[in-house]
Structure formats: structure tokens, C-alpha cells
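A.B. asks: Whatever this is, show me its structure:
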Amino acid sequence: MENYEQLLDEAYKHVKAVESKSDRFEIPKAEGHVEGNKTIITNFFQMCSYFRRKPEHFLKFLLKELATPGQIEGERLVLNRKLLSQRINDKIELYAKEFVICRECKKPDTEIIKQDRFSFLHCLACGAKHSIGYRL
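C.D. replies: Residues are numbered from 1 along each chain as shown. The predicted structure follows:
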């Protein structure tokens, strides 16, 4: 029995700790407004930290999906086009399903791993590993 305990302790040293979110993961909604021909998203960095993803990755996805140029100015994202909030929120939901939520256990405790030229979504909760079919 001692050997088992030692092996178990050794295994726990190699496993990443997971900060479990509440049982219910809610995809955040974009907050912002329209100024002239520009759409301003004020909670961009809060969404990035909630998803635990780099702002550059999330920005690249949004700009590609919304087919608009944009940039980060201070603490906000400026999109150079008038956009409906529903369209932006649909793309945020798509990002969460593709790059954040585990397909097996449906938990958001994941990380993106690059191996060679491929990206994988690795779940820290259940250990599942799925390829990401979306190219950025």
C-alpha cells in the first residue's frame, strides 16, 4: 500500500491544478456601443480573462469572423464598422464552443496546445484532447 501512495503523490506533482469554475459556465456577452461608423466593445479584456485565452488569439478570431478591421485602444476593442450586438455575441459563442469548452465534459477548464502545425484543446478537468479544426 505504501508504494501506491508514493505513486499517487508522484502523479499529483505532474498534474496541473484546475481552478474549478461554478457548475454553470455562462458565455459572456459583449458590452459596448456604436460611435459613428465604429463599434466599441468595452469588456473585451474581461472576456479574454474569463475564457483564459490570450487577447491576440481572441482578437484574431473576432476580426476574421466579423470580416472587419479593428484594433485594441487602451482597454477596449474598436471595430471599424457598425455591427449588431447579436452578431458579435454569436461569434463569441462560436469562439467559446470551438476554443474554450471541452467537447467531452462540457467544462471550460481547457488550454490550447500546439504540436507541430496542429492545435489541440486539452481539458484539464477530464484529460480529453481534441484537435481544433478551425484555422486562425
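
A.B. asks: for the chain, what spans make up the strands?
C.D. replies: 32-35, 38-41, 70-73, 76-79, 110-115, 118-123, 129-131 (DSSP state E).

A.B. asks: low-scoring pLDDT stretches of the protein, where are they?
C.D. replies: Segments of the chain classed as low confidence (criterion: pLDDT under 70) are 1-2, 16-24.

A.B. asks: circling back: can you tell me which of the strands of the chain is nearest to Leu8?
C.D. replies: strand 118-123 (21.0 Å; C-beta to C-beta). C-beta coordinates here come from the backbone N, C-alpha and C atoms, glycine included.

A.B. asks: Could you list the paired strands of the closest one along with their orientation?
C.D. replies: Take DSSP bridges as the rule and strand 118-123 pairs in its sheet with strand 110-115 (antiparallel), strand 129-131 (antiparallel).

A.B. asks: And the contacts of the last one?
C.D. replies: The one in question is strand 129-131. Where contact means C-beta atoms under 8 Å, 6 or more residues apart in numbering, the residues beyond strand 129-131 that reach it are 102-104, 113, 118-123.

A.B. asks: State the pair within these that is farthest apart.
C.D. replies: The largest distance within the contacts of strand 129-131, taken as C-beta to C-beta, falls between Glu104 and Phe118 and amounts to 18.6 Å.
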